[in-house]
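S.K.: how would this look folded up:
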Amino acid sequence: MNNSELNERMDSCPVAGHEVDLAETTLQDPAILARPNAFYWTMRHEDPVHYDPGLDMWLVSRYEDLQAVLADPITFSVEAGYQEQYAKGFIEEFKEILERDGGGFFPDAIMTDPPRHTRIRKLMEGAFTAHRVKQLEPEIAKVVSGLIDKFADKGGADGVKDFAVPMTIEIICAQLGLDEFDPEEIQRWSLAVTAQIGRMQDREQMVANAREICDLQTYLITAIRERQEQPRDDMLSDLVHARTEDEENPTLTFKEVVSLARALLIAGNETTATALGNLLFILATQPDLAQELYENVDDERYTTRFVEEILRLEPPVRGLSRMTTREVELGGVTLPKGAHMLNLYASGNDDETVFECPRKFDMNRPNIGRHVAFGGGVHRCVGLALARMEVKVAAREFVKRLKDIKLEIPVEEVRYLPTIATRSIEYLPLSFSKR
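M.R.: Residues are numbered from 1 along each chain as shown. I've put the predicted structure just below:
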C-alpha cells in the first residue's frame, strides 16, 4: 500500500484513538467510561483478557473470546458472576433493607444458569413472540408521535429526558399492563436497579437506591396480586399464569414473578432508552446520515439495517459479568476457578478483525447481524425484538417530523451515567426545526 492509499484509508476509516497504558488505567475511571474505545483497542491488541485491579475483574475484550464465553454458560456462569457483581460491597445490608421494607429480596431469576434458566426462559418467551411485537408497531408510533408533538414547535429538547426515557417507560408500562405510573418515579427506580451492577455507588447511595427499589417492589407486588385474582391481556398476567410441560415446576414462583416483572420494567426501559439516546446523538452529529435516513425512511430493509448498525456502533449494554466455575484458558490466559469477569460487548462490536473500520457507520456491512449488542447464546436478550422495533420506529418518526437536528453542546461535553454496565448519555440538548 503506497502513502496516498494509506492516507486515504486513514481518512475513510476513523480510529478509536491513542494507545493507553493499561497498567495505569481502570474502567472505573469516569473519563474511560465516557470514551472507552481507545482502552478497548489497547486491550484487544496487548492483553485481550485483561485483569483490571480497580474492578477486581477480568475484562474480556475480543470478539472471538466473547463468543467462547457465550457458548459455554456452564463454565462461565452468569448466575455466579451476577451475584458477585450485585450491590458489590454492600450486599448483606442491601438484602436486609429489601427484606424489611420491600416485600423481600428477590434474586434475578433470568440471571441463572441452565437448567433453571432454560425453564425460566421458556416461561418468559410467550410474552415476546415476533407476531406480538409486530402488532405493537402502530402503538409505538403513536407514543413516539405524541412525545415529538410536545416539543416540535419549541425548536429544542433534551433527547434523553424529553424523549428517550418517557418513550420507553410508556411502552413497557403499557405492555406490562401498568396503567397508573409516574414516569419520573420509574426513572428513579431504573437508575437505582442499574446502579446495583454498575460498581460505582458508595454506601450512602446504596441505601438511597435500596429505598427506591423497595418502593418499586411494593408497586409491582400490588399489581401481581391483582393479576393473580383477575388476569388481563398483558405481560404481567402472562408471567403470573405462564405454564410449561415441566411436571415438577410448571409455573413461576411468586419470587420469580416479582424478579422477572422488575427485570422487564427496568431492562425494558433503561437499556432501550440508552439505545435511543445513542440514536439521537448520531442523528445530531452526522447530518448527512440523518438526511439519508429521511430519504429512505419508508424502505423497510434500509431502516432495519440502519438500526442494526446503530446497535453495533453504540451498543446500550457495555458489558455483563460472569464467573468461572473451573480453571479454564481463555484468550491465552489461564483463569482460575472463581474468576470474576466482565464481557465487554461494546469492545467485541469494535473488533476490527470482525468488523472492518469498526468506528465507521456502515450499514452495508456484509456481517452487520454478527454484533453482540444483545449478548448471545442461551442468555441472549429476550426482549431484543421489542428493543429493535422501538429504535426503528423512533428513528423513522424523528426524521419524518424534524430536520436540521443539531447537538447544542460540544461533543466533548456530553456526559454519561457513572456505571460499567451501560454507556448511557445523561443529558442531550438538541435543536431542530419542524418539517
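
S.K.: Would you confirm that residue 57 contacts residue 321?
M.R.: Yes: between residue 57 and residue 321 there is a contact under C-beta atoms under 8 Å: 7.2 Å. All C-beta atoms are positioned from the backbone trio N, CA, C, and that covers glycine.

S.K.: Residues that sit against both of those two, list them.
M.R.: Common contacts of residue 57 and residue 321 (C-beta atoms under 8 Å, 6 or more residues apart in numbering): 340-342.

S.K.: now, among those, which is nearest to residue 185?
M.R.: Distances from residue 185 to those, taken as C-beta to C-beta, are shortest for residue 342 (30.1 Å).

S.K.: which parts of the helix or strand hosting that closest one are buried?
M.R.: Take DSSP states H and E as the rule and residue 342 turns out to sit in strand 340-344. By 16 or more other C-beta atoms under 10 Å, the buried positions in strand 340-344 come out as 340-344.

S.K.: Let's have the residues you listed in TSV, adding distance to residue 356 and pLDDT.
M.R.: As requested, the buried residues of strand 340-344 are exported to TSV (distance: C-beta to C-beta, whole Å; pLDDT from 0 to 100):
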residue	distance to residue 356	pLDDT
340	33	97
341	27	97
342	26	97
343	23	97
344	20	98
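
S.K.: just curious, which of the residues you listed is nearest to residue 128?
M.R.: Nearest to residue 128 among these is residue 343, at 22.2 Å by C-beta to C-beta.

S.K.: what pairs with the closest one across the strands?
M.R.: Taking DSSP bridges as the rule, residue 343 bridges to residue 60, residue 320.

S.K.: Show the contacting residues for it.
M.R.: Counted by C-beta under 8 Å, 6+ apart, residue 343 has contacts 60, 66, 69-70, 319-322, 375.

S.K.: coming back round to it: of the shared contacts of residue 57 and residue 321, which is the nearest to residue 92?
M.R.: Closest approach between those and residue 92, by C-beta to C-beta: residue 340, at 18.0 Å.

S.K.: Now do the same contact list for the closest one.
M.R.: For residue 340, the contact set (C-beta under 8 Å, 6+ apart) comprises 56-58, 81, 84-85, 321, 323.

S.K.: gap between it and residue 55?
M.R.: Distance of residue 340 to residue 55, computed by C-beta to C-beta, to the nearest Å: 8 Å.

S.K.: can you check residue 96 too?
M.R.: Distance from residue 96 to residue 55, by C-beta to C-beta: 25 Å.

S.K.: Tell me which of the two has more neighbours.
M.R.: Using other C-beta atoms under 10 Å, the more surrounded residue of residue 96 and residue 55 is residue 55, with 18 against 12.

S.K.: Show the contacting residues for that one.
M.R.: 26-28, 199, 342, 420.

S.K.: Now render these as CSV, adding distance to residue 154.
M.R.: Output for the contacts of residue 55, formatted as CSV (distance: C-beta to C-beta, whole Å):
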residue, distance to residue 154
26, 41
27, 38
28, 38
199, 38
342, 41
420, 35
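
S.K.: Could you export the residues you listed as a markdown table, including secondary structure?
M.R.: What follows is the contacts of residue 55, written out as a markdown table (DSSP: H, G, I helix; E, B strand; the rest coil):
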| residue | secondary structure |
| --- | --- |
| 26 | coil |
| 27 | coil |
| 28 | coil |
| 199 | coil |
| 342 | strand |
| 420 | coil |
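
S.K.: Please type out the PyMOL selection for whichever of these turn out to be buried.
M.R.: Selecting only the buried entries of these in PyMOL, with 16+ other C-beta under 10 Å as the criterion:
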select buried, resi 26+27+28+199+342+420
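
S.K.: Now, of the contacts of residue 340, which are buried?
M.R.: The neighbour count (16+ other C-beta under 10 Å) marks 57-58, 81, 84-85, 321, 323 as buried among those.

S.K.: what's the helix or strand hosting residue 149 in contact with?
M.R.: Assigned by DSSP H and E, residue 149 belongs to helix 137-151. The contact list for helix 137-151 (C-beta under 8 Å, 6+ apart) reads 157, 162-163, 166-167, 170-171, 174, 389-390, 393-394, 396-398, 401-402.
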